[in-house]
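A.B. asks: I need the structure of the sequence given here:
(one chain, ligands or ions: 2)
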Amino acid sequence: MTEQQALAQIQELSEKINYHNDLYYQKDKSEITDYEFDQLLEKLIALENQFPQYKFEDSPSQRVGGTITKNFETVVHKYPMLSLGNTYSKEDLIDWDGRVKRGLGTDDYAYFCELKFDGTALSLTYENGQLKRAVTRGDGTQGDDITTNAKTIRSIPLKVKHQVPESFEVRGEVYFPKKEFERVNAERIENGEEPLANPRNAGSGTLKMQDSSIVASRKLDCYLYYLLGDSLDFNTHSESMAQLEQWGFNVSPTYKRCNTIEEVLEYIAEWETKRHDLPSETDGVVIKVDSLDQQNELGFTAKSPRWAIAYKYKAESASTVLESISYQVGRTGSVTPVANLKPVLLAGTTVKRASLHNANEIARLGLHLGDTVFVEKGGEIIPKITGIDELQRPTDSTPVEYITHCPECSTELVRKEGEANHYCPNSEGCPPQILGRIEHFVSKRAMDIDSLGSQRLDALIKSKIIHDISDLYRLPQIEKKLIGFELESDQYSKNEEGELCISNRKIFYALLEKPTLKQIDNLLLNSEQINPETFFSSVEGRLQEKGINYQQDGLTFIEACFTSEDSMSTSLEVHKVLIPLLQKNHTIDDYSLKRLAKTERNIHDIITNLFIELQPKEKEIISKLKSTSLQKKAVEGIIAGINESKDKPFEKVLFALGIRHIGETSAKLLAKKFKSIDNLISTSESHVLEIDGIGHKLAESLLQYFKDNRNIRRIEELKTFGLNFETISIIESDSNHQPLVGLRIIASGKLKNYSRDSIVEKIESLGGTYVKAISSNIDFVIEGEKMGPAKKDKAIKLGLKIITEEEFDKLIDTQT
Ligand SMILES: NC(=O)c1ccc[n+]([C@@H]2O[C@H](COP(=O)([O-])OP(=O)(O)OC[C@H]3O[C@@H](n4cnc5c(N)ncnc54)[C@H](O)[C@@H]3O)[C@@H](O)[C@H]2O)c1
Ligand SMILES: [Zn+2]
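C.D. replies: Ligands and ions are numbered 1, 2, ... in the order given. So this is what the prediction gives:
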């Protein structure tokens, strides 16, 4: 290579790297993978080493990648925040170990291994135990002051409750927990918004937001891995980590001290797959020389310490065939395409599906059915298709055509301008939308009726007992009918005449006294063609061997059922079982039973419609015939949950309605400003838009919702059931009365005058912060009735102040 060529390449590489750095650090986007990026950088470094005359001071090989923004105050770092050298190869790592050994002139040293958390570096400065500043890495010399946003991260102590040096700095990595990332993305997809690309970029973007309430709603977390200060006195990095842990900082327990590079390699191998179970994304292992004296001896390059290195895991990817695309309809009708793949092993699990998000993604990839695609997986997040191997495309393949009609209800799909997702507009009649709407309504963050899970709701909808959320509040009126309600339908089918049939295994199970379902399944499996006689003789023989007597009556019933057939199918008309069973003691004609077998979908519904009082023996047989059904206790739980939900505050009700684009935060904002649903219904778009944090899309969706008379009717109905459609004034925040400002509080056990929600609201409305778990970072605990002993122990151990509910009330009263 001539000097000229080298210079040209160096310039080209630098430009490329600068471009990707800018995307990555300023715009929180990546167009290439980290591995590809690191290869560019490595190539540049190799060229610069070969042609040192072209190693410029502003080369990306000499600078930390980020910069500062204009949106926050700029803070100069007391100690520069550097980058880390990295490698993807074990050989390089062993070479590095050799350099460490030569640099120190001894082999008496140890390493400290930590996972490399893939997030955003943050520096926290504490003065007199109080968090003073949180600053991003920026260009390494100066960063953005994002203290307000960092304070929303619950694991970052605002105050250290220990004897600590007057001033010190802690560094760590802020990350978007994988679970939380999935939750936010599921919500975004539901709302027709573009999903966030990956947790690293999304976390970094979130930290730089101007609105801290959005930052808080995303529940970022942070791992700390570095303690610095002028008056600290440690000999090793291990000691300083132990100190951080003891002061209550969130140190990931995954670290390990290693005496040799071989042990380091074992650590790397150990975490290669285990790391996927951690709450944060990780992209490698950071290896640090443990002794601080030895660290000083080795020193720094312009960009990174010589005493540390990052070993990075290559993102796992595999190639497989795209077999088909299925389309899921969500609760708001939004349609999500999912790629069905030929199963392939990836990062220890078999992958069969990959997310595609929306039509844009399919178009961007240019997918054809039958294509060989590359899939990549990062941690728990469902794998995604990163590209196509076009060389392997079958000649007769055609591009994927997006569906035009709803796969659930056949309504024509629509796609609003500017939105990424298609959706099914048939919100009232599309089954997953009905189920989805009700599921959302009862969910924890909305009305929190946890006794109504998906299976129960699905069965209630299919039985046409509920069509809409307002029907939930009618369930208490039919409490009796619900006892014995069947939840599954697997055992039922309909014959050609449309008559309800039930599987034989259930019949035998119900009519024979002793055998379990499993034993019956084994019998049926072992006897090919069986008629009642042979069946019974086989049962009789086997059961008698075990000393079990079948119930004599059972034979009579079954014989009656089989009069015209001599071999069995797998199921039998329900009325053929019920007629001989019930006619003994009740006057029921064959005709009405046959008719019910056509209209009803299970035995419970048939019996309810017969209006008969079952005798104990009949009851026993019927309950064995039925599928899993609701018992009295379960029904009571459901009714209690429904009644309790009437106490939920307006903002929860508003969120629970499931209006497109209205999330928890926007519901809170709307409830706070408008105070009642009636005000909201009669408002104008411009009024809604006055709220900070509420945009056009949301306002439009809200107005659209109220324009639909069916929604107004639904709200009116819910009002008659007693749901809260106004904010209750005592809870309203009075900005002059904020006695709890700056205090972190937790309540535990059952309180007399507050529900879980209302205590949280009370504390927040008076300026305090409600904390979910006991930690040293809490100002006091309100102890309710039957506070968990483990919690109490922990609180006492941490020396937390524990007060009663009365004392709490006094506290907020006297401070008025
Ligand atoms: N895909 C792209 O377009 C693109 C663009 C730019 C940068 N990148 C990626 O970013 C990397 C460069 O970023 P960088 O300069 O932040 O370096 P780095 O991410 O390779 O390593 C340094 C950082 O690691 C973090 N870290 C995590 N866990 C740690 C631990 N236990 N101990 C110490 N530090 C820990 C710290 O934030 C530290 O600042 C590149 O190697 C590349 O992978 C990608
Ligand atoms: Zn539909």
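
A.B. asks: Could you check the pLDDT of the closest residue to ligand 2 within the stretch 501-650 of the chain?
C.D. replies: Using C-beta to the ion, residue 601 is the residue of the stretch 501-650 of the chain that sits closest to ligand 2, at 21.6 Å. Just so you know, the C-beta spots here come from the backbone N, C-alpha and C atoms, and that holds for glycine as well. Here, the pLDDT recorded for residue 601 equals 89.

A.B. asks: how far away is it from residue 196?
C.D. replies: Going from residue 601 to residue 196 by C-beta to C-beta, to the nearest Å gives 42 Å.

A.B. asks: try residue 264
C.D. replies: From residue 264 across to residue 196, the span is 34 Å (C-beta to C-beta).

A.B. asks: Settle this for me: residue 3 is touching residue 51, isn't it.
C.D. replies: Yes: if you go by C-beta atoms under 8 Å, residue 3 and residue 51 touch, sitting 6.5 Å apart.

A.B. asks: Tell me which of the two has more neighbours.
C.D. replies: For residue 3 versus residue 51, the count of surrounding residues by other C-beta atoms under 10 Å is larger for residue 51: 16 against 10.

A.B. asks: so after the lowest-mean-pLDDT helix or strand in the chain, what's the next helix or strand?
C.D. replies: Least confident helix or strand, the chain: helix 552-561 with a mean of 56, by mean pLDDT, DSSP states H and E. Toward the C-terminus, helix 552-561 is succeeded by strand 571-573 as the next helix or strand (DSSP states H and E).

A.B. asks: what pairs with that next one, and is each one parallel or antiparallel?
C.D. replies: The strands beside strand 571-573 in its sheet (DSSP bridges) come out as strand 500-503 (antiparallel).

A.B. asks: what does the partner strand rub up against?
C.D. replies: Outside strand 500-503, the residues that touch it by C-beta atoms under 8 Å, 6 or more residues apart in numbering are 491-495, 570-575, 577, 597-598, 600-603, 606, 625.

A.B. asks: Now do the same for that strand: mean pLDDT, whole number.
C.D. replies: Averaging pLDDT along strand 500-503 gives 91.

A.B. asks: Next: stretch 648-667.
C.D. replies: Stretch 648-667 comes out at a mean pLDDT of 91.

A.B. asks: in it, what's buried?
C.D. replies: 648-663, 665-667 (16 or more other C-beta atoms under 10 Å).

A.B. asks: Which ones among the residues you listed map onto strands?
C.D. replies: Residues of those located in strands (DSSP state E): none.

A.B. asks: How about residues contacting the top strand by length along the chain?
C.D. replies: Counting by DSSP E, the longest strand found in the chain is strand 316-329. With contact meaning C-beta under 8 Å, 6+ apart, strand 316-329 is reached by 335-347, 351, 356, 362, 367-377, 385-386, 389, 400, 403, 406-408, 424, 430, 432-433.

A.B. asks: what helices or strands is the helix or strand that it is followed by leaning on?
C.D. replies: The helix or strand immediately downstream of strand 316-329 is strand 335-346, counting by DSSP H and E. Judged by 3 or more C-beta pairs under 8 Å, 6 or more residues apart in numbering; DSSP states H and E, strand 335-346 is in contact with strand 316-329, strand 349-355, helix 359-365, strand 372-377.

A.B. asks: Report the angle between strand 335-346 and strand 372-377.
C.D. replies: 90 degrees (axes from the mean of the first three to the mean of the last three C-alpha atoms, to 10 degrees).

A.B. asks: residues from the stretch 301-450 of the chain in reach of ligand 2?
C.D. replies: Neighbours of ligand 2 within the stretch 301-450 of the chain, by C-beta under 5 Å from the ion: 406, 408-409, 411, 424, 426, 430.

A.B. asks: any idea which of the residues you listed has the most stuff around it?
C.D. replies: That'd be residue 424 among those, by other C-beta under 10 Å, with 26 neighbours.

A.B. asks: Run through the residues that contact that one.
C.D. replies: By C-beta under 8 Å, 6+ apart, the neighbours of residue 424 are 329, 333, 335, 406, 408-409, 411, 413, 430, 433.

A.B. asks: Residue 649 now?
C.D. replies: When contacts are counted by C-beta under 8 Å, 6+ apart, residue 649 touches 671, 724, 727-728, 731, 757-758, 761.

A.B. asks: which residues in the stretch 51-200 of the chain form helices?
C.D. replies: For the stretch 51-200 of the chain, helices defined by DSSP state H, counting those that start in this stretch occupy the ranges 90-104, 147-150, 178-190, 199-207.
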